[in-house]
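Enquirer: next come a sequence and a model predicted from it.
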Amino acid sequence: MSLYTKGQISNGSPRRIKRLLIANRGEIAVRIIRAARDLGIETVALYSDADQFSLHVKLADYSVRLPGNTPLETYLNVPVLIQAVKDSKADAVHPGYGFLSESADFADAVASAGAKFVGPSAASMRTMGDKIEAKKLMKIHKVQCVPGSENPLKDVDDLRKHAKEVGFPMILKASAGGGGRGMRVVRNEGDLAESFAACTREAASYFGNPAVFCERYIENPRHIEVQVLFDEHGNGVHLFERDCSIQRRHQKLIEEAPSLFLNEVQRAEIGRRAVIAAKAAGYSSAGTIEFICESPERIYFMEMNTRIQVEHTVSEEISDIDLVRWQILVACGEKLAFKQEDIHLRGWAFEARINAEDPAKGFLPGPGRVNQVRFPAGPGIRVDSHLYSGYEIPQFYDSMVAKLIVWGPTRDIAIERMLRALSEFEIDGIPTTAKFHEAVLRHPLFRAGTFNTGFIDQQAEYFKGAFSAVPDDQQTHAAILAAVLAVEELRRPATMVSEVKGTLVSNQERSLWRDRARLEATNRGGI
Ligand code: MV4
């Protein structure tokens with residue numbers, strides 16, 4: 001049986017969800033609303049004042065206002081969110097990613113309000129949220145971790161003892177940290193005391209837990225993570241790996257699945273380890289096991305992300321499994337309708353995170369009104385986004401405005417499709433990272449697959465010439481011009497035949513004046 005025909009809410013579903021509240025915003029709120037609607041489940045959107053006109057609010061069946069704008073007074077405000085659950089009579093809550101998605105306390109509060117948290121148990125979130133606990137659990141189950149301290153470091157002397165075994169460079173990490181926050185690389189003995197004090201202090205103030213541990217530091221590792229999916233009956237599978245090495249300051253830029261780094265044997269092995277890790281935590285729902293790879297033979301468990309991730313889409317594309325749909329089905333108490341041997345890796349997928357940022361200004365966020373957007377389409381193209389023409393991107397939240405996801409039968413075809421899609425993509429009025437993605441996709445080392453987490457920094461010179469900025473004082477000018485050109489474009493014939501010699505003139509040539517005008521107005525055109 002095809003995986004497409006499986007995964008319905010059965011009449012005998014242990015826990016039928018009728019109304020799902022989405023405790024999030026932006027593209028992931030839209031993604032979750034779509035999955036819920038496919039299952040015939042009603043949706044409740046939440047919105048801060050700045051999000052009043054957001055797409056997720058327009059698409060949901062109901063919506064509840066969260067007064068204010070800052071994350072703390074809105075999407076992170078547990079008492080207000082719980083009141084919204086009660087007021088809207090939602091029987092389930094999907095947290096999305098970010099915000100409260102990995103808060104075990106929020107999961108408990110949702111349960112206390114009588115609603116189902118669409119995610120893992122609070123207990124497994126607590127276990128995996130504590131990086132020292134998680135590593136201990138992995139050790140028991142023989143999942144290889146980076147050598148280092150097994151308990152919170154007691155003091156600098158304790159750290160010195162470990163430094164003798166681990167050697168330099170080493171890395172200090174907050175046990176309650178994760179995702180690159182609360183880490184410190186130590187390169188020599190002289191820096192130990194100061195680094196330990198600083199890391200402990202930051203851990204206490206950022207995460208409310210001063211516990212710190214140390215590991216051998218691996219320079220420029222490859223970042224490979226495995227998607228897992230578990231039901232509440234102990235059944236679990238992995239959906240292969242994603243390579244997330246193309247990142248800048250812990251912000252992923254391009255993800256792909258599978259990874260060129262692994263052969264079939266290594267792929268099966270990393271998947272096996274991920275399933276063991278999730279099972280050890282008593283995990284249910286969708287989750288990710290992060291590994292860092294020194295070489296294909298040296299792959300270490302790093303941490304588990306107990307949420308749906310931004311880049312879940314590439315795993316969906318190569319496995320044909322709708323992860324958000326399955327998160328909801330699993331929350332209804334349904335059993336997985338497939339076993340590991342039913343899941344086949346098919347083709348290649350990429351995701352480019354299009355951010356409202358200016359690569360020429362150190363990726364400075366550029367919120368504002370989007371005059372005109374046009375999404376790419378065609379074979380292998382998927383756009384997950386909350387953008388629409390006229391939408392105003394608020395300054396209060398993250399700058400990701402669209403995920404461009406492509407699938408192709410091979411890696412090369414998928415890259416060609418991504419370049420085609422990027423060339424079709426139009427977002428007028430704000431700076432975006434689209435041109436930067438194009439430059440990465442054209443880079444010979446990216447094409448060859450010989451990159452690691454240091455790639456973007458190492459290639460900074462190469463990327464410098466690949467884009468240019470929209471000067472602030474010309475933003476308004478550019479916006480007006482873009483609007484005029486948009487109208488002009490509607491009138492432009494599809495193809496022109498020269499009246500003089502009957503030769504075909506391409507659209508590209510025909511619109512040179514337009515591109516030239518845009519280049520001059522915005523100083524960012526791509527002729
Ligand atoms: C490391 C490491 C090198 N050695 N741990 C950053 C995110 C967090 N999940 C773990 N991180 C790292 N841990 C040891 N022992 C290097 C990183 C790291 C990194 C990891 C994945 C993706 C991008 C990264 C960028 C810089 C550092």
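Expert: On my side now, so go ahead. Numbers count the residues shown, from 1 in each chain.
Enquirer: okay, now whatever residue of the stretch 51-200 of the chain ends up closest to the ligand: neighbour count?
Expert: Nearest residue of the stretch 51-200 of the chain to the ligand (Cβ to the nearest ligand atom) works out as G180 at 3.8 Å. C-beta here means a position set from N, CA and C on the backbone, and glycine is covered the same way. Close neighbours of G180, defined as other Cβ atoms under 10 Å, add up to 11.
Enquirer: I figured it hits H250, correct?
Expert: Yes. Here G180 reaches H250: they are 3.4 Å apart, a contact under Cβ atoms under 8 Å.
Enquirer: what about the one residue sitting closest to the centre of the chain, which SS state?
Expert: Nearest residue to the geometric centre of the chain (Cα atoms, centre = their mean): V310, 2.3 Å. Counting by DSSP: H, G, I helix; E, B strand; the rest coil, the backbone at V310 sits in coil.
Enquirer: check which helix or strand the closest residue to it other than its chain neighbours maps to.
Expert: For V310, ignoring the flanking residues on the chain, the nearest one in space by Cβ to Cβ, 6 or more residues apart in numbering is Y97 at 6.0 Å. Y97 belongs to no helix or strand when assigned by DSSP states H and E.
Enquirer: so what does Y97 look like in phi/psi?
Expert: The phi/psi pair for Y97 (degrees, to the nearest 10) reads phi -120, psi 160.
Enquirer: sorry, back to before: ok, now which ones touch the residue of the stretch 51-200 of the chain closest to the ligand?
Expert: Neighbouring residues of G180 by Cβ atoms under 8 Å, 6 or more residues apart in numbering: 249-250.
Enquirer: again, only this time at 6 Å
Expert: Contacts here follow Cβ atoms under 6 Å, 6 or more residues apart in numbering; on that basis G180 touches H250.
Enquirer: any idea which helix or strand comes after the helix or strand hosting A35?
Expert: Here A35, judged by DSSP H and E, is contained in helix 26-38. Where DSSP H and E defines the elements, the next helix or strand beyond helix 26-38 is strand 42-48.
Enquirer: between helix 26-38 and that following strand, find me the angle.
Expert: For strand 42-48 against helix 26-38, the angle by axes from the mean of the first three to the mean of the last three Cα atoms, to 10 degrees is 160 degrees.
Enquirer: what strands flank strand 42-48, and is each parallel or antiparallel?
Expert: Its sheet considered, strand 42-48 pairs with strand 19-22 (parallel), strand 62-66 (parallel) by DSSP bridges.
Enquirer: so which of these gets nearest V406?
Expert: Closest approach to V406 among these is made by strand 19-22 (26.1 Å; Cβ to Cβ).
Enquirer: quick one: average pLDDT of that closest one?
Expert: What strand 19-22 shows for mean pLDDT is 98.
Enquirer: what sits up against that strand?
Expert: Taking Cβ under 6 Å, 6+ apart as the rule, strand 19-22 contacts 29, 32, 36, 41-45, 85, 88, 90-94.
Enquirer: output it as PDB - backbone C-alpha positions only.
Expert: C-alpha atoms of strand 19-22 as PDB (Å, rounded to 0.1, in the frame of the first residue of the first chain):
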ATOM      1  CA  ARG A  19     -10.200  22.100  17.300                       C
ATOM      2  CA  LEU A  20      -6.400  22.800  17.200                       C
ATOM      3  CA  LEU A  21      -4.900  26.000  18.600                       C
ATOM      4  CA  ILE A  22      -1.600  27.000  17.000                       C
END
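Enquirer: what's the spacing between that strand and its chain's center?
Expert: On the basis of Cα atoms, centre = their mean, to the nearest Å, strand 19-22 sits 21 Å off its chain's mean C-alpha point.
Enquirer: so for that strand, what gets flagged as buried?
Expert: When burial is assessed from 16 or more other Cβ atoms under 10 Å, strand 19-22 yields the following buried residues: 19-22.
Enquirer: for stretch 44-64, same thing?
Expert: Within stretch 44-64, the residues scored as buried using 16+ other Cβ under 10 Å are 44-48, 50-51, 54-57, 59-60, 63-64.
Enquirer: kindly report the same for stretch 281-293.
Expert: The neighbour-count check on stretch 281-293 (16+ other Cβ under 10 Å) flags 281, 283-293 as buried.
Enquirer: enumerate the residues of this protein near the ligand.
Expert: Taking Cβ under 6 Å from any ligand atom as the contact definition, the chain meets the ligand at 146, 171, 179-180, 215-218, 221, 223, 247, 250, 290, 292, 302-303, 453.
Enquirer: which of the residues you listed fall within strands?
Expert: 171, 215-216, 223, 247, 290, 292, 302-303 (DSSP state E).
Enquirer: model confidence for W513, exactly?
Expert: If you check W513, the pLDDT there is 42.
Enquirer: likewise S506?
Expert: pLDDT for S506: 52.
Enquirer: ok, back up a step: taking the ones in strands among the residues of the chain next to the ligand, tell me the two that lie furthest apart.
Expert: Farthest pair in these (Cβ to Cβ) is R216 and Q247. Separation: 21.1 Å.
Enquirer: low pLDDT regions in the protein?
Expert: Applying pLDDT under 70 to the chain flags residues 1-6, 11, 467-480, 482-527.
Enquirer: swap the cut-off to 80 and go again
Expert: The chain contains residues with pLDDT under 80 at 1-7, 9-13, 465-527.
Enquirer: how is it partitioned into domains?
Expert: The chain breaks down into these domains under automatic domain parsing: 1-17+220-346, 20-126, 147-216, 347-470, 474-523.
Enquirer: if we can go back for a sec, between the buried residues of stretch 281-293, which sits nearest E264?
Expert: Using Cβ to Cβ, the shortest approach to E264 within these belongs to C293, at 16.1 Å.
Enquirer: that's all I had, so thanks and see you.
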